[in-house]
Structure formats: C-alpha cells, structure tokens
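Student: just to be clear, the model below is a prediction. Sequence and coordinates:
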Amino acid sequence: MFSLTPIEAAIWQAGVAAQSSIATHVFGSVIFTGFIMIFFVKYALKVLKSSEDGADAVDITRAIGAYGFSVAIGLTFLHAMSASPFKPQDAGGRDWGSYGFVQSSNKYENLRESHNGLYWYTLIHGAGNELSKFLAKVVGMTFRDNTYLIAPDMMFKLLVNTASMQLDNPELTTNLDRLMQECGDPQKGTVMGPGSGVGSLLDLDRSDCLSKYNEMQSSLKQWASAKIPAYVKKVSDMPAAELPYNVRGFSNRDVLENKMVGSALVSYAKDKARGMKDGINTNTDALNINKTSDHFWYLLQKAAAGGGIASMVANLFDDSGDGESAINRNEARSIYNNLLNLIPAFKGLVKAFIAIGFLAAAAGLCLGFSQPMVWWLGVVAMDMIYEPLSTLNYEISALLLKSSEIGTAFGELSHDPLAVMGAAIIDSKLVQYQTAYFLSQFAIAAVFVVGIIGSGFAVNKMSFSQGAGFVSLAGWVSNNRVLSSVGRSAGNTVNKVFRKR
C-alpha cells in the first residue's frame, strides 16, 4: 500500500488503528456475536413460519442459506486480522516510518506504531491501491514521465524554488544600487522584451560601466551558486534519463542559477518601487493619497466601515504606504499554502474513512444487507481512480507550462543571468499554470466527495428484509446442478418435518 506524502500515510495509519481497535473491542466481543446469532435465529423462525402461508420449502432453504452465508462472510471480514503489521509505504516501496524525519517528529507519531488491520480490508483496499499506482504510471509514461509517483510535483516545485530567492547580501545590493546610479541611462528609451535585462537600462558603451556590469554578473552568479536550494541542486544533479521528459529542458544547473538571479532581481526591483515616493503607486494617485496622514485617515474610515484594521495599524509604522498590499499578499500566500496542504490531508482522511467504513459494510453483511458493502467497494473504486486523474491533471499542466513562453525565456536566461524579463515571464506564467493546476486538483477532490456522498444513497435503498441482498447469489445456487439438488433435498426434509406436525 502506497501514499505520496507522510501526512497522508499518518492519517491513513490512524484510520487503520481505529479499525483494529473497533474490530477487536466491539465487533470481536461475545455480545456482538450473540446479537448476530439471535438476529439470525429470529429471522430463520420468521422464514420457517412463512411456510404456513404456503411458501415453498426450496425458497425457504434458499433464503435461510443466503442469510447464513451473508452472516458467515460478515463475521469473517470482522474477525480475520492481517498476519503482518500495516505499514504505509511511499511510491518507491519504502516504509514511511523508516524515515529519520518521521521518527523524530511528533506529527507522524502514528507511523511509528504497529497495527495489523483486518485481513480482508488490507487485501481489497491494497489491491485497489496497487491498481491505482499502475494506472498512474500508465498516465505518466504516456507523457514520458516515469518518475511521477516519486516526484509528483517536480516541475512546479523546481520553478517555485528558483522564484522564491531574495537578495540577502547587503554588499551586493549596495553595489547594484551604485551601478544603477552611476551607469543608468534614462534617455535610452529602451523597449523591454523577453530578452531584455539589466544591461538594457545601462550605458554599457562606457568601458567603466561595462566592467562594473560584468563584475556584477560574476558576483550574482557566485551568490546564486552558494544559495542554490537543495531541491534545485538535487534536480540539476540527476541524470536526464531519470527526469520527467517535460523537466529535462529546465534542469541545467547554470540556467537554473541564472533564473534564481533574475527572479531575485525582479523581486528586489518591486521592493524598491514600492518604497518610492514619486507617485509610482498608481492606486495612490487615483485616490489622491500622498501623505502618511492621508493614509491614516483613509484606513481609519475603512476600518470604521468594517475592515482594514490590521493594515491601518501596519501603515502607522510604514512610511511606504504599502502596508495594506503587503498584508494582502501575505494573506493570499497563507491561504494558498493552507489550501494546498489540505490535499494530502484530504487524501489521508479518505483512506482512513475507507478503513473505518469497511467495518460498517462488514457489519451490514452480518445483518443480511449487501448494499453497504456495494457502497464501500464503490468508494474504493473512486479512491483508485483519484491518483490517475491527479496525474493526468499534473502532466497536462506541466506540458502546457513547457510549451508556453517559458521555453523561450529559459533560452534567454541561458546567456545572461541579468535577463530579468525572462525571469519575470517565467514567474508570471508559473503563477497562472500553478493556480489552474491547484484549482483543478480541488475540482477533482470535490467530484470525489460528491461521488462518495452519492454512492451513500445506495444504503438508503436497502430492503430491510434480511437476505434480500443475496437474491442473485441464491439464483446462482438454484441454477447450479449440484447445489440446487442439495437445496431440494434440504427442502424435502423441511416439508417432511412440517407434514409430521
């Protein structure tokens, strides 16, 4: 059994632990078994009594046999424990509990515990997970991605890691500001395009400026090489054959470092622009707000109208007047990250729900109801197709991401780390496609939840005449020569008993 994240595995393990406990202490008790036997005897007497109304003995035998078969299967499902402990594994087949960060974290305490789970649950749900894994591999291989299950978000994770860099070296930023001040050429009127960079805004015809520009390039490259995130380094060091097809064009170490520099410069430029007091903030111009006091009164009336208290307080200590937009950006990032982190937890909850739901389905069999088990198998089937659909969503998003202007922008960055327009284009497209992927993932999850709820209506359609759910089984028995002859013999015996009465 596999899961793609340790959070999903931990919640799943907790569900199996609950299943084992409930099966042992509730459904494994003598009280529950006695209750089922009393229910069975009561039903058998009710069916035998129907012979007085002219019911055929063969039908009576068939009904009692079907009900007894249902009870036997249900009790077997509830009492048969797995011989080996349940251990969720990652896509590579390694137990999640064996990882060092799992063993040292309280968040994954469940993965360090040992629970066996019910045998038939692990068999059926395990088969569904293996089939899901196979289908996800088929989808990935269709897009030349053999590593999806190992790295299900490599494209997005790689680009996000390069986009999140900040220039944190004071010497670098000081030299950069000095370069802009001494060599900036505001009279050039350059039209910025995908291949444009810092050099397009400088007077590089001057030898001293060209020398400083080249020196800045070298310094920024050294900074990027020292600050390269571990994940970016890991991907760049991987052989091309081990990378997804769509990622291979983005895995060059030199280009990735250039991308880090470009994104860091774009971020630095935005921060500088927000701090300016020359009317660069178009919202400020539109509102005719030019002073800190104006911001205060504006935000105060907004707070009185029911919002903006946090940004009002922030602007009291922020001379840039950009506190509100900064708070909004941080809130948007926080909401996005929280929602994104819900997906693994959601998948884990679904798996835990399936584990506990098996108990209800098996208990239904003990009462002669087959519909709960049909519903449970339907939920397992939906869980089985979730990962292939998620894989398809990612592969399509990655393919579209690669085929956009990002490919051209990466080509520009391969020549110049200061090609900031290329980095800006990549980061902009990344936000668009990652958001589309994110919303699609939640759409798939929503459809899955609706499907679970919809399949649950099958339980409401149960006919509460015990054994009715096994009519098809009884029909198969009656059509079988050997079993039907046994049924007729049993029916004749019952008839003789009633004649003697």
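Tutor: Thanks, I have it.

Student: excluding chain neighbours, what is closest to the residue most central in space within the chain?
Tutor: A centroid search over the chain (C-alpha atoms, centre = their mean) returns Ile343, at 3.5 Å, as the residue closest to the centre. Spatial nearest neighbour of Ile343, excluding adjacent residues (C-beta to C-beta, 6 or more residues apart in numbering): Gln441 at 5.9 Å. The C-beta positions use only the backbone N, C-alpha and C, and glycine is treated the same way.

Student: those helices in the stretch 201-350 of the chain, which residues are they?
Tutor: Taking DSSP state H, counting those that start in this stretch, the helices of the stretch 201-350 of the chain run over residues 207-227, 230-237, 253-274, 282-287, 292-304, 309-316, 323-366.

Student: contacting residues for the residue nearest to the centre of the chain?
Tutor: By C-beta atoms under 8 Å, 6 or more residues apart in numbering, the contact set of Ile343 is 441-442, 445.

Student: same deal with Lys351?
Tutor: Going by C-beta under 8 Å, 6+ apart, Lys351 touches 3, 8, 11-12, 15, 125, 383.

Student: among the residues you listed, name the ones in strands.
Tutor: Members of these lying in strands (criterion: DSSP state E): none.

Student: for the stretch 51-200 of the chain, which residues score under the pLDDT cut-off?
Tutor: Applying pLDDT under 70 to the stretch 51-200 of the chain flags residues 51-55, 185-196.

Student: sketch out the strands for it, chain order is fine.
Tutor: Secondary structure of the stretch 51-200 of the chain (DSSP state E, counting those that start in this stretch): no strands located.

Student: Lys402 contacts Asn246, doesn't it?
Tutor: Yes - here Lys402 reaches Asn246: they are 4.9 Å apart, a contact under C-beta atoms under 8 Å.

Student: neighbour count: these two, which is higher?
Tutor: Using other C-beta atoms under 10 Å, the more surrounded residue of Lys402 and Asn246 is Asn246, with 21 against 18.

Student: from what I see, the more buried one and Asn146 are in contact.
Tutor: No - judged on C-beta under 8 Å, Asn246 makes no contact with Asn146 at a distance of 11.9 Å.

Student: how close does the residue nearest to the centre of the chain get to Leu135?
Tutor: For Ile343, the distance to Leu135 (C-beta to C-beta, to the nearest Å) stands at 19 Å.

Student: same thing with Thr391?
Tutor: 8 Å.

Student: compare those two (neighbour count), which wins?
Tutor: Thr391 (23 against 17).

Student: tell me the contacts of the more buried one?
Tutor: 136, 139-140, 148, 152.

Student: of the residues you listed, just say which sits nearest to Arg178.
Tutor: Nearest to Arg178 among those, counting by C-beta to C-beta, is Pro152 at 44.7 Å.

Student: quick check on that closest one: phi, psi?
Tutor: Main-chain dihedrals, Pro152, degrees, to the nearest 10: phi -70, psi -10.

Student: count of neighbours near it?
Tutor: Count around Pro152 with other C-beta under 10 Å applied: 20.

Student: contact partners for it?
Tutor: If a contact means C-beta under 8 Å, 6+ apart, then Pro152 has 4, 390-391, 394 as its contacts.

Student: low-confidence regions, this protein specifically.
Tutor: In the chain (pLDDT under 70), the answer is 50-55, 185-196, 272-340, 404, 452-501.

Student: let's go with 50 and repeat that
Tutor: Within the chain, the stretches with pLDDT under 50 are 189, 275-314, 316, 321, 458, 461, 463-478, 480-491, 493-501.

Student: roughly how far apart are Phe442 and Ala136?
Tutor: Distance from Phe442 to Ala136, by C-beta to C-beta: 19 Å.

Student: what about the helices in the stretch 1-150 of the chain?
Tutor: Under DSSP H, counting those that start in this stretch, the stretch 1-150 of the chain gives helices at 6-25, 30-49, 57-79, 100-103, 119-142.

Student: the third one packs against which elements?
Tutor: This means helix 57-79. Counting contacts by 3 or more C-beta pairs under 8 Å, 6 or more residues apart in numbering; DSSP states H and E, helix 57-79 is packed against helix 30-49, helix 119-142, helix 323-366, helix 471-479, helix 481-500.

Student: list the buried ones in the helix or strand containing Val379?
Tutor: Val379 is located in helix 371-403, with elements delineated by DSSP states H and E. In terms of neighbour count (16 or more other C-beta atoms under 10 Å), helix 371-403 has its buried residues at 371-376, 378-380, 382-402.

Student: next helix or strand past that helix?
Tutor: Of the helices and strands lying after helix 371-403 in sequence (DSSP H and E), the nearest is helix 406-413.

Student: which residues touch Glu215?
Tutor: Glu215 neighbours (C-beta under 8 Å, 6+ apart): none.

Student: ok, it to Asp205 distance?
Tutor: For Glu215, the distance to Asp205 equals 17 Å [C-beta to C-beta].

Student: and for Val350?
Tutor: Counting by C-beta to C-beta - Val350 and Asp205 are separated by 64 Å.

Student: who has more neighbours, the two?
Tutor: More crowded of Val350 and Asp205, by other C-beta under 10 Å: Val350, with 23 against 8.

Student: now that one: how far from Tyr386?
Tutor: In terms of C-beta to C-beta, Val350 sits 8 Å off from Tyr386.

Student: got it, and Trp12?
Tutor: In terms of C-beta to C-beta, Trp12 sits 13 Å off from Tyr386.

Student: what comes up buried for stretch 95-108?
Tutor: 96-97, 102, 108.

Student: state the number of residues packed around Asn110.
Tutor: By other C-beta under 10 Å, 20 other residues sit near Asn110.

Student: how about Thr142?
Tutor: The burial count for Thr142: 11, using other C-beta under 10 Å.

Student: kindly report the same for Ala63.
Tutor: By other C-beta under 10 Å, 25 other residues sit near Ala63.

Student: thought Gln103 was touching Glu109?
Tutor: No - if you go by C-beta under 8 Å, Gln103 and Glu109 don't touch, sitting 9.8 Å apart.
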